[in-house]
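[1] Predicted structure and sequence below. I'll ask about it afterward.
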Amino acid sequence: MEHLLATATISMSDFKKNPAKVLREAGHEPVAVLSHNKPAFYMVNPVLFEALLDEVEDAQLMPILKARIERGDFVDVNLDDL
């Protein structure tokens, strides 16, 4: 079996029977939905999905930030002035 990125798992056939129940019982934890004992997809609630997207966006912006800092392409700002 592949490495799973969730502690909760369910078979695809059991998931299809009542997906809303699986989501409800999972709470805020991700669930690996398995097809032939391999993860087919991960089910996550909207709060976790949004947090994951924020992390991806931060990772994409980091190289831009580093390049601007190296070039000195920034402006000092006093937070009290904002």
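    Now that the structure is in, tell me what you want to look at.
[2] ok, which stretches of the protein are helices?
    12-17, 19-26, 46-71 (DSSP state H).
[3] Can you list the neighbours in contact with the second one?
    Here helix 19-26 makes contact (C-beta atoms under 8 Å, 6 or more residues apart in numbering) with 8, 10, 14-15, 31, 43, 45. For every residue, glycine as well, the C-beta is placed using N, CA and C.
[4] now do 6 Å
    By C-beta atoms under 6 Å, 6 or more residues apart in numbering, the residues outside helix 19-26 that reach it are 8, 10, 15.
[5] Spit out the contact partners of the closest residue to F41 other than its chain neighbours.
    Among residues not flanking F41 along the chain, V33 sits closest, at 5.4 Å (C-beta to C-beta, 6 or more residues apart in numbering). By C-beta under 6 Å, 6+ apart, the contact set of V33 is 10, 12, 15, 40-41, 43.
[6] a markdown table for these, including neighbour count?
    Formatted as a markdown table, the contacts of V33 follow (neighbours: other C-beta atoms under 10 Å):
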| residue | neighbour count |
| --- | --- |
| I10 | 19 |
| M12 | 12 |
| F15 | 20 |
| A40 | 12 |
| F41 | 12 |
| M43 | 19 |
